[in-house]
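Engineer: here is my input; please provide its structure:
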Amino acid sequence: MDPLDDLCPKPDQPPPSETSPLVAPLQQSAVYRCESLAQVNSLANKKENGFIYSRDAHPNAQALAEKLRLMHGAEFGVVCSSGMAAIASICIAQLTVGDRIAVHKTLYGRSHELFLQELPRYGIEVHWLDLHQANLGDLKLPDKTKLVFTETITNPLLKVSPVSELATWAHQQGAKLFIDNTFAGPALCRPLALGADWVMESLTKLLNGHSDVLLGAILGTSSNQDRIQQVLTRWGWATSPHDCWLASRGLTTYALRAERSFQNAAQLAHWLSQQEDIIEKLFYPGLEGKSDREVGKKIFQNISKLSNTKVAPYGSMLSFELKGGRENVEALIKALPSIPFSPSLGDVCTTLSHPASTSHRGLTEAERLERGIHQGLVRISVGIESIGSLISQFDQAFQTLRNT
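Structural biologist: Got it, this is the predicted structure:
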């Protein structure tokens, strides 16, 4: 019998089994055991399947990336430590000193900060454009523009991007199109099928759906996958096996959760559209008469399955501007105790956020106002509760505001 000093440190060996687990196991190891120097070389040169060090790759990340690749119909997929890591990785992989990137003028606040404050430090010139303008074909990109970036549905004002037109326009001028698909997700839009070159997803949000992981994903063509993997490894934007395992579990119910939350958001938006004494502006692209509804018909899938004549279910997000500004937002938060004020989105429960104080707090007041982000703006991530309960909660809260 080996002494405890020798027995305890030995790695455990899995017991022999003629069966395999129904649920893919969590493989928490940070490093893998190799048989020889020859095998290390074979693994490193991708001549043999397997893993060496989890910063480079690990089974849970690979399984998650493969499912996402299939969901998007992509040639290549990889997961990384966050949605912001996904955006930064593509920029670093595709751009160098002297290159230019064209960016839509209204984005998620942290994306805005990345393009405004970080990329210029590396000699990359950022051009802010209105990529939703009607005469897009007349808009010329500056020389050496290698990348065009926007969101499928913009955060937080929910403008729908004409992805197919943007792809054609960018490609005609020698640029690639990179889309942040967080507000839409593959249940609503698959930008690669519309001509985009790269798509990122924030798995932290609706794809996982339980607010318990921090992950991002990059989907696209295989033409530059080695360079993207190098960037993720060298900059340390790797994933933990546990987060990937949790996200894989979350994906099993994604289609069901997405359909329910989309339907809820559409019905809640329809009800909110009738509260004109409380709401100054309502932002939801599926509303009848909205120009974004027409754009959505061209790029969103499965809409006929979910639509009604009044409002089309264009995702789980909506925003509105309260009359009375910031003071009434504070009152609304207090009047909605069952709807958490939580600066994220995509949970199974409905949550509320205040962009000026959270997602876009890094912008100056002038920058926020220029982009239509006022102190009275409230962003709602609609969950899977019963729609009757949601409307009742908002109705009671609005009655409290009316009585104050």
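Engineer: contacts, neighbours, all on C-alpha from now
Structural biologist: Fine.
Engineer: for E201, see how far away L64 is.
Structural biologist: To E201, L64 is 13 Å away according to C-alpha to C-alpha, to the nearest Å.
Engineer: higher neighbour count, the two?
Structural biologist: Applying other C-alpha atoms under 10 Å to L64 and E201 shows that E201 carries more neighbours, namely 28 against 21.
Engineer: just how off-centre is whichever strand or helix holds that one within its chain?
Structural biologist: E201 is part of strand 198-202, with elements assigned from DSSP states H and E. Remark: strand 198-202 is offset 6 Å from the chain centroid, using C-alpha atoms, centre = their mean, to the nearest Å.
Engineer: packing partners of that strand?
Structural biologist: Under the contact criterion of 3 or more C-alpha pairs under 8 Å, 6 or more residues apart in numbering; DSSP states H and E, strand 198-202 touches helix 83-94, strand 176-180, strand 216-220.
Engineer: tell me where the stretch 251-400 of the chain has strands.
Structural biologist: Remark: strands assigned in the stretch 251-400 of the chain by DSSP state E, counting those that start in this stretch are 279-283, 317-322, 351-353, 377-381.
Engineer: just so I know, which of these lies nearest L177?
Structural biologist: strand 317-322 (23.6 Å; C-alpha to C-alpha).
Engineer: CA atoms only: put the closest one into CSV for me.
Structural biologist: The C-alpha trace of strand 317-322 is given here as CSV (Å, rounded to 0.1, in the frame of the first residue of the first chain):
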residue,chain,number,x,y,z
MET,A,317,-36.4,44.0,-25.0
LEU,A,318,-38.3,47.3,-25.0
SER,A,319,-37.6,50.8,-23.7
PHE,A,320,-39.8,53.8,-22.8
GLU,A,321,-39.2,57.4,-21.7
LEU,A,322,-41.2,58.3,-18.7
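Engineer: distance between it and the chain's centre?
Structural biologist: With C-alpha atoms, centre = their mean, you get 19 Å for strand 317-322.
Engineer: quick one: contacts of that strand?
Structural biologist: Here strand 317-322 makes contact (C-alpha atoms under 8 Å, 6 or more residues apart in numbering) with 156-158, 183, 265, 269, 278-284, 328-329, 374, 376-382.
Engineer: same thing but 7 Å
Structural biologist: Under the contact criterion C-alpha atoms under 7 Å, 6 or more residues apart in numbering, strand 317-322 has outside partners 156-157, 183, 265, 278-284, 328-329, 376-382.
Engineer: same thing with stretch 185-201?
Structural biologist: 71-72, 74, 83, 86-87, 163-164, 167, 176-182, 216-221, 255, 258, 299-301, 315.
Engineer: and for stretch 336-353?
Structural biologist: Counting by C-alpha under 7 Å, 6+ apart, 205-206, 209-211, 333, 358-359, 378-385, 393, 397 sit against stretch 336-353.
Engineer: mean confidence for that stretch?
Structural biologist: Averaging pLDDT along stretch 336-353 gives 96.
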